[in-house]
Every structure is written in C-alpha cells, then in structure tokens.
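**Q** just coords:
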C-alpha cells in the first residue's frame, strides 16, 4: 500500500487521504520520516523544509496551504504516478 506522511495538525487532509485508500502516518519530527519511509509527504506550506526533509529528495512533497483536501489527494496521486 502507498504510504503518505502528513504534517501534524492537518486532520481534514488526513481523512481525505485515508478515504482515498492511502496509508496515512502523522509526522511530528524528522525521525518519524526516517522511520516511516513514506512514498509522499503532505505539509502545511508554512515551512519549505519541513522537519529537515533535505534527505528525501526523491519523495514528492505536496503543500496543503490554500487547497482543499480533494485537491491535495489529486496532487498526491499525480505526484506518485503509476506507483499508486
């Protein structure tokens, strides 16, 4: 299953991603990303380098700021391509 990490506090986006069939994990610190190894990450958009993600250059990052949960789900699907 495709795993999506999501920044803490983005509950409506978590629910939309779960309903779309993704495994969703909430991340609060850099160690969470290293442990979970997600296929994509959703961030609030407040910090361009959320949790020091510099080591995840192959992992698509989708910004939730100013977007609906449905738009974010579409972008996650698009960013994953045929993997999903």
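**A** Structure's in. What do you need? These figures come from a predicted structure and were not determined experimentally.
**Q** From now on I want contacts and neighbour counts done on CA atoms only, so please keep to that.
**A** Fine.
**Q** For the longest helix along the chain, which helices and strands make contact with it?
**A** Longest helix in the chain by number of residues, with DSSP state H as the criterion: helix 69-80. Where contact means 3 or more C-alpha pairs under 8 Å, 6 or more residues apart in numbering; DSSP states H and E, helix 69-80 is packed against helix 11-19, strand 40-43, strand 61-63.
**Q** what is the orientation angle of that helix with helix 11-19?
**A** Relative orientation of helix 69-80 versus helix 11-19 (axes from the mean of the first three to the mean of the last three C-alpha atoms, to 10 degrees): 60 degrees.
**Q** Run through who's touching helix 69-80.
**A** Around helix 69-80, the neighbours that count as contacts under C-alpha atoms under 8 Å, 6 or more residues apart in numbering are 12, 13, 16, 17, 20, 39, 40, 60, 62, 63, 64, 84.
**Q** List the contacts of the fourth one.
**A** Residues in contact with residue 17, defined by C-alpha under 8 Å, 6+ apart, are 23, 24, 69, 73.
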